[in-house]
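Chemist: Below: sequence and its predicted model.
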Amino acid sequence: MKDFFDNLSRFPRFLITISLGIFFALFQRLKPLLERPLTATALVGVVVSCFAFVFFTLRAMLGYSVV
């Protein structure tokens, strides 16, 4: 039973490692776009728009919207 809990305790560490790896890989690809102000502004706009879309979609799906 101890081996089971040892394996179970590894999953959060694995999830954090995978998430950070994906984040750093994406950041390395997008880093050259941040050098010019025009593309940096566009990239920030796209990121903010994506977060707003997910936020409002989840809010509507969970029934938290006023409408």
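Modeler: It's in.
Chemist: how about the residue sitting nearest the centre point of the chain, what does it touch?
Modeler: Centroid check for the chain by Cα atoms, centre = their mean gives Phe23 as the closest residue, at 7.3 Å. Going by Cβ atoms under 8 Å, 6 or more residues apart in numbering, Phe23 touches no other residue. Bear in mind the C-beta positions are built from the backbone N, C-alpha and C, glycine included.
Chemist: for the helix or strand hosting it, the distance to its chain's centre please.
Modeler: Phe23 belongs to helix 2-30 when assigned by DSSP states H and E. Taking Cα atoms, centre = their mean, to the nearest Å, the mean C-alpha location of helix 2-30 is offset from the chain mean by 13 Å.
Chemist: cool, and stretch 43-52?
Modeler: Centroid separation for stretch 43-52 versus its chain: 12 Å, with Cα atoms, centre = their mean.
Chemist: Kindly report the same for stretch 16-31.
Modeler: Computed by Cα atoms, centre = their mean, the chain-centroid distance of stretch 16-31 equals 9 Å.
Chemist: Now do it, average pLDDT.
Modeler: For stretch 16-31, the mean per-residue pLDDT is 94.
Chemist: If you count neighbours, what's buried in it?
Modeler: Residues of stretch 16-31 include none that count as buried (16 or more other Cβ atoms under 10 Å).
Chemist: Alpha carbons of it, as CSV, please.
Modeler: Taking Å, rounded to 0.1, in the frame of the first residue of the first chain, the C-alpha atoms of stretch 16-31 are listed here in CSV:
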residue,chain,number,x,y,z
ILE,A,16,3.6,20.7,-12.7
THR,A,17,6.7,19.5,-14.6
ILE,A,18,4.7,18.9,-17.8
SER,A,19,2.8,22.3,-17.5
LEU,A,20,6.0,24.2,-17.0
GLY,A,21,7.7,22.4,-19.9
ILE,A,22,4.8,23.4,-22.2
PHE,A,23,4.8,26.9,-20.9
PHE,A,24,8.6,27.4,-21.5
ALA,A,25,8.4,25.7,-24.9
LEU,A,26,5.7,28.1,-26.0
PHE,A,27,7.5,31.1,-24.5
GLN,A,28,10.6,30.3,-26.4
ARG,A,29,8.6,30.2,-29.7
LEU,A,30,6.9,33.5,-28.9
LYS,A,31,9.9,35.3,-27.5
